[in-house]
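Asker: Please find the sequence and the predicted model below.
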Amino acid sequence: MKKEKKSLKKPYPPDKKITISAPDVLGKNIILPMILEYMEDNSELNIELDLSDKFLDLTTDNIDIAIRVGEVPDSDDIIAKYLASYEFLACASPKYLKEFGTPSTPYDLFNHQCISFNKNILIQWQGNDFVNKMNRSRMVSFSIDAIRMNALSGMGVIIHSKIFVDDDIKKGTLLTILKDYPLPKRKVSAIYHKSKRNDDKIKNLLNFIQGKISKTLPL
């Protein structure tokens, strides 16, 4: 007997929809594959996924789950579920370092061209009092991918998550700098409204992601 094919016309139940927001590169490379795997065994689930490095608000943008990198502000209305940690490092291309020299301390970045997500960003270096404001940013972009590409082309120094520049460092197209001044790890969390804490479809998906992401990113 032939196996009955799944109907493509069957509407998705409204109560099975989850709207998710995640940073672009993290979302595409890590979160999306996990969601697709989860959906294979949860055929009625309907996912609306927004991959953007711009901040989206849970309430005004109608987001069920938002994946955040960094500290999540305390809130009486929000639950933050810790997923993993990001390791960050400073790096630049051999071309840039040959032309402008290699920074010896974080203070030296004040005299270097930087590529950043936000021109007003403050970088706190682990175990010391160095705080850098990337005020000499040659380029500011809301795209993490664009920041990496600009560094590869020799435009300046970047502070980037290790997992996304590992291949470049192994190839030698980017070089790690300031190794004696480690950057603190940043948390990856999933946030959602407390009103949805008993929503099984959200809890089950987040538990699945948490179990998978720990194999990719350190806890």
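Answerer: That came in fine, so what should we check first? Source: prediction; values computed, not measured. Residues are numbered from 1 along each chain as shown.

Asker: Ser21 looks like it's in a strand, true?
Answerer: Yes: membership of Ser21 in a strand is supported by DSSP: H, G, I helix; E, B strand; the rest coil.

Asker: what's the spacing between it and Glu40?
Answerer: Noted for Ser21: a distance of 22 Å to Glu40, by Cβ to Cβ, to the nearest Å. Placement of C-beta: from N, CA and C, glycine included.

Asker: neighbour count winner among the two?
Answerer: Ser21 (24 against 7; other Cβ atoms under 10 Å).

Asker: For that one, name its beta-bridge partners.
Answerer: Using DSSP bridges, the bridge partners assigned to Ser21 are Asp50, Ala66.

Asker: Which residue ranges make up each domain of the chain?
Answerer: Per automatic domain parsing, the structural domains of the chain span 17-85+186-213, 88-177.

Asker: Dump these into JSON lines; add mean pLDDT as well.
Answerer: JSON lines is the format used below for the domains of the chain (pLDDT from 0 to 100):
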{"stretch": "domain 17-85+186-213", "mean pLDDT": "91"}
{"stretch": "domain 88-177", "mean pLDDT": "82"}
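
Asker: ranges for the helices of this structure?
Answerer: In the chain, the segments counted as helices under DSSP state H are 24-26, 32-40, 94-100, 144-152, 162-171, 200-213.

Asker: Distance check, the residue nearest the centre of the chain against Asn150.
Answerer: Residue closest to the average C-alpha location in the chain (Cα atoms, centre = their mean): Leu26, at 4.1 Å. Counting by Cβ to Cβ, the gap from Leu26 to Asn150 is 19 Å.

Asker: now Ser189
Answerer: Remark: distance between Ser189 and Asn150 (Cβ to Cβ) = 28 Å.

Asker: So Phe88 is in contact with His160, correct?
Answerer: Yes: assessed by Cβ atoms under 8 Å, Phe88 is found in contact with His160 at 6.7 Å.

Asker: what sits against Ser21?
Answerer: By Cβ atoms under 8 Å, 6 or more residues apart in numbering, the contact list for Ser21 reads 49-50, 52, 56, 61, 63, 65-67.

Asker: Make TSV out of those and add distance to Lys98 and neighbour count.
Answerer: Listed next are those as TSV, based on distance: Cβ to Cβ, whole Å; neighbours: other Cβ atoms under 10 Å:
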residue	distance to Lys98	neighbour count
Leu49	41	16
Asp50	40	15
Ser52	35	13
Leu56	40	14
Asp61	44	12
Ile63	44	19
Ile65	44	23
Ala66	41	23
Ile67	37	22
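
Asker: Between the residues you listed, which sits nearest Thr176?
Answerer: Taking Cβ to Cβ as the measure, Thr176 lies nearest Ile67 of the contacts of Ser21, at 26.2 Å.

Asker: ok, how many other residues are close to the closest residue to that closest one other than its chain neighbours?
Answerer: Spatial nearest neighbour of Ile67, chain neighbours left out: Ala22 (4.0 Å); criterion: Cβ to Cβ, 6 or more residues apart in numbering. Counted with other Cβ under 10 Å, residues neighbouring Ala22 total 25.
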